[in-house]
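> pasting the sequence and the predicted model now:
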Amino acid sequence: MSIFSRTRDIIAANLLDLVERSDDPAKTIRVVILEMEETLVEVRASTARSIADQKEKRRQVAQLTALQDNWTERAELALSKSREDLARAALMEKEKLTALADTLREEIEAIDATLRASEADIAKLQAKLREARLRQSMISARIESAQNRARMREMYAGSRVEDAFASFDLLEREADLAEGHAEALALAAPKTLEEEIAELKVAERVDAELAALKAAMKEAA
């Protein structure tokens with residue numbers, strides 16, 4: 001069952017209240033807009049038919065007016081020929097046409113009233129449709145913003161990020177263990193010939209510097 005069933009229902013509806021009471025505001029807005037668009041099409045189609053009917057009736061009135069004038073001329077001709085009976089009959093025909101034209105004019109006035117009401121309804125429907133589309137845009141923006149915030153929060157505070165950083169900690173621990181193992185192997189490995197000779201050179205320089213320092217101290221004493 002549609003949310004709206006008549007034009008007046010849409011015009012009188014409180015869209016804000018309707019949306020806020022809905023379990024699915026976005027869906028409700030879409031249904032409301034669709035209903036409004038369909039109703040607007042129907043109202044415009046009905047208005048177009050009324051305008052066409054009005055134009056047809058106005059053409060008929062114009063035709064009847066021309067026929068009335070024609071019967072008036074016939075009545076005048078009959079009187080000029082002293083045929084009052086024919087003049088009376090012509091005026092009777094004119095009277096019938098006058099009554100028919102009056103009826104058509106009343107129908108045209110009724111159509112005018114209907115068109116004025118339709119014009120007002122169309123304006124109100126369009127205003128409601130703009131309101132619904134604006135609310136749809138606002139709700140879509142809110143939903144998109146909320147989804148973006150959720151994605152950002154998941155990005156910097158979600159379990160996946162925490163798991164990733166926990167993995168980093170494990171990797172760093174593995175790196176520390178690997179480096180420690182490499183250093184331990186270096187300590188336990190036998191010295192190469194180059195390393196022993198280098199150590200001898202260092203010891204020689206240290207001994208020479210130590211002897212020089214002792215000599216300097218003796219001279220100072």
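Arrived safely, thanks for sending. Numbering: from 1, shown residues only.
> how distant is the host helix or strand of residue 149 from the center of its chain?
If you go by DSSP states H and E, residue 149 is part of helix 84-157. On the basis of CA atoms, centre = their mean, to the nearest Å, helix 84-157 sits 24 Å off its chain's mean C-alpha point.
> the nearest residue to residue 88 once chain neighbours are set aside: how many residues sit nearby?
Distances taken as CB to CB, 6 or more residues apart in numbering put residue 75 closest to residue 88, at 7.8 Å, once the chain neighbours are dropped. Where you see a C-beta, it was placed from the backbone N, CA and C, and this is true even at glycine. For residue 75, the neighbour count with other CB atoms under 10 Å is 21.
> check which helices and strands the helix or strand harbouring residue 75 sits against.
Using DSSP H and E, residue 75 sits in helix 25-80. Packing partners of helix 25-80 (3 or more CB pairs under 8 Å, 6 or more residues apart in numbering; DSSP states H and E): helix 7-12, helix 15-20, helix 84-157.
> now the nearest residue to residue 101 once chain neighbours are set aside: how far from residue 75?
In space, and not counting its chain neighbours, residue 101 is closest to residue 64: 4.2 Å by CB to CB, 6+ apart. The gap separating residue 64 from residue 75 is 16 Å, by CB to CB, to the nearest Å.
> kindly report the same for residue 192.
Look at residue 192 and residue 75: by CB to CB, they are 144 Å apart.
> look at the residue nearest the centre of the chain and report its pLDDT.
Centroid-nearest residue in the chain, with CA atoms, centre = their mean: residue 137, separated by 3.7 Å. On pLDDT, residue 137 comes in at 81.
> ok, it - contacts?
Shown in contact with residue 137 (CB atoms under 8 Å, 6 or more residues apart in numbering): no residues.
> tell me how this structure divides into domains.
7-157, 161-189, 191-221 (automatic domain parsing).
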